[in-house]
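Colleague: with the sequence up front, the predicted model follows.
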Amino acid sequence: MGVIFCENCGTQIPDDSKFCESCGATITVPPAAPPPAYPVVPQPPPARTPGSGNAIPKAAIIGVAAVVIIAIIAAVLLIPPASPPTPPYTVYRPNTTTPTTVSVTYQGMTVQQLYDKGIELKDQQKYSEAIAYFDQVIAKEPSHQDAWSYKAYCYLQLETNENVLTSADKALSLDPQDKWTWTNKGLALDNLGRYSEAITCYDKAIAIDANYKYPWNNKGWALEQLGRYSEAIRCYEKALEIDPNYSTSQNNLNRIKTKMATSAPPTTTRPASTEDLILDVWTLNAVKNNPSYLPKLSLSRTVTVTKVLTYHWNDGKGATPGSITILDNDQKAVGTWKAKGEPGMYDVPNANWVATPNIDLQAGTYYIKDTSPSTWSWNENTNGQGMTKVWGIKK
């Protein structure tokens with residue numbers, strides 16, 4: 001005979017009981033369970049109580065525990081450590097001096113993936129985040145010129161101009177023919193009020209590509225800030241010659257002409273001693289040596305010629321200064337003066353030859369000649385004449 005438990009009070013009673021002797025509840029014996037279908041997942045054994053006759057031997061418990069501990073230790077040792085978190089990237093945002101932290105994730109990315117992500121963020125105008133990716137490109141490949149160049153561009157958008165200069169200088173050391181970065185460096189210098197240095201950068205870009213309109217326009221603006229309006233106008237006009245629909249240069253040109261018209265003193269009050277540029281045979285494009293013609297100076301009134309300048313680029317080498325002569329219409333010398341050498345574009349020594357005649361010339365036709373036609377600069381824009389400027393005081 002077996003025993004069962006009363007479902008009502010839990011008292012142990014014989015398994016053939018019809019009711020509980022303790023609480024009187026009717027006992028219903030459930031039918032035997034049918035055999036399970038095959039296969040089945042075995043159920044866990046019931047929990048054992050301490051001291052019961054079926055207790056697990058102590059030695060077995062110790063053995064099982066040892067196996068479990070060993071398994072845990074092995075798992076810990078075999079699981080690779082998590083990759084260290086990527087440190088945050090510190091950038092400076094516009095008009096602030098406090099670093100701003102940008103969270104960036106680039107674990108496991110290739111150089112190309114990092115670069116592409118930087119470009120994507122740059123296009124989305126997320127410049128600080130883009131810089132973080134370009135920095136990762138540079139960390140893996142320090143000579144990645146495009147990453148340096150775009151990093152400079154992003155700093156320019158953030159108006160952190162000193163950072164622009166640092167990145168641009170590195171980009172240009174890797175590729176001195178990068179006209180885009182020369183132009184961006186010029187813009188940063190403009191923003192810092194360093195206009196003469198900016199002009200040098202724009203000249204570099206123009207020397208690489210004379211048909212690149214942006215440095216022409218930007219050079220005009222820098223010249224305008226220096227009060228060199230006539231030169232600025234020529235730059236704006238050059239940009240419009242390249243792209244007649246370039247509205248920025250057209251607006252700049254209209255503005256500076258209006259400024260000059262409203263600020264210029266009336267002709268009747270003009271001081272008699274004002275020095276004017278009376279001959280301007282010049283070009284900002286690429287030049288060659290040995291012109292075919294002498295520059296022609298036509299005067300409608302008496303003028304005191306105060307300064308004559310001839311240009312000797314000579315493939316960036318300049319030329320030892322000689323002398324400059326003014327000829328009359330019959331090709332007879334009116335006078336000859338020793339020239340002094342001055343730096344030209346890119347600070348090339350002795351590219352400019354300067355003489356100071358301080359001589360009165362009557363109305364008529366004259367020609368300028370110097371002693372080194374083999375190094376005298378010209379091109380098609382000067383109509384074959386040597387590059388020359390003459391200043392004088394009109395009587």
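Modeller: Now that the structure is in, tell me what you want to look at.
Colleague: below-threshold pLDDT in this protein: ranges please.
Modeller: Residues of the chain that meet the criterion pLDDT under 70 lie in 1-13, 15-19, 21-22, 24-106, 263-273, 284-285, 345-346.
Colleague: go again using 80 as the cut-off
Modeller: Within the chain, the stretches with pLDDT under 80 are 1-107, 262-273, 283-286, 344-347.
Colleague: in it, which residue is closest to the centre?
Modeller: Y153 (1.9 Å; C-alpha atoms, centre = their mean).
Colleague: and the next helix or strand past the strand or helix carrying that one?
Modeller: In this structure, Y153 is located in helix 145-157 according to DSSP states H and E. Downstream of helix 145-157, the first helix or strand assigned by DSSP H and E is helix 161-174.
Colleague: check the burial of the closest residue in space to A198 that isn't next to it in sequence by counting its neighbours.
Modeller: Of all residues not flanking A198 in the chain, L189 sits nearest, at 3.9 Å (C-beta to C-beta, 6 or more residues apart in numbering). From N, CA and C alone the C-beta is placed, and that goes for glycine too. Using other C-beta atoms under 10 Å, L189 has 23 other residues around it.
Colleague: where's L189, which helix or strand?
Modeller: helix 179-191.
Colleague: list of residues touching that helix?
Modeller: 149, 152-153, 155-156, 159, 161-162, 164-165, 168-169, 171-172, 175, 195, 197-202, 204-205, 208-209, 212, 214-215, 218-219, 221-222, 225 (C-beta atoms under 8 Å, 6 or more residues apart in numbering).
Colleague: coming back round to it: remind me what the helix holding Y153 packs against, helices and strands.
Modeller: In terms of contacts (3 or more C-beta pairs under 8 Å, 6 or more residues apart in numbering; DSSP states H and E), helix 145-157 is packed against helix 111-123, helix 127-140, helix 161-174, helix 179-191.
Colleague: put the alpha carbons of that helix into PDB.
Modeller: Taking Å, rounded to 0.1, in the frame of the first residue of the first chain, the C-alpha atoms of helix 145-157 are listed here in PDB:
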ATOM      1  CA  GLN A 145      47.000  64.900 -48.500                       C
ATOM      2  CA  ASP A 146      43.200  64.900 -49.100                       C
ATOM      3  CA  ALA A 147      42.500  64.400 -45.400                       C
ATOM      4  CA  TRP A 148      44.700  67.300 -44.500                       C
ATOM      5  CA  SER A 149      43.100  69.500 -47.200                       C
ATOM      6  CA  TYR A 150      39.500  68.700 -46.200                       C
ATOM      7  CA  LYS A 151      40.400  69.100 -42.500                       C
ATOM      8  CA  ALA A 152      41.600  72.700 -43.400                       C
ATOM      9  CA  TYR A 153      38.300  73.300 -45.200                       C
ATOM     10  CA  CYS A 154      36.300  72.100 -42.200                       C
ATOM     11  CA  TYR A 155      38.200  74.400 -39.900                       C
ATOM     12  CA  LEU A 156      37.600  77.200 -42.300                       C
ATOM     13  CA  GLN A 157      33.800  76.600 -42.000                       C
END
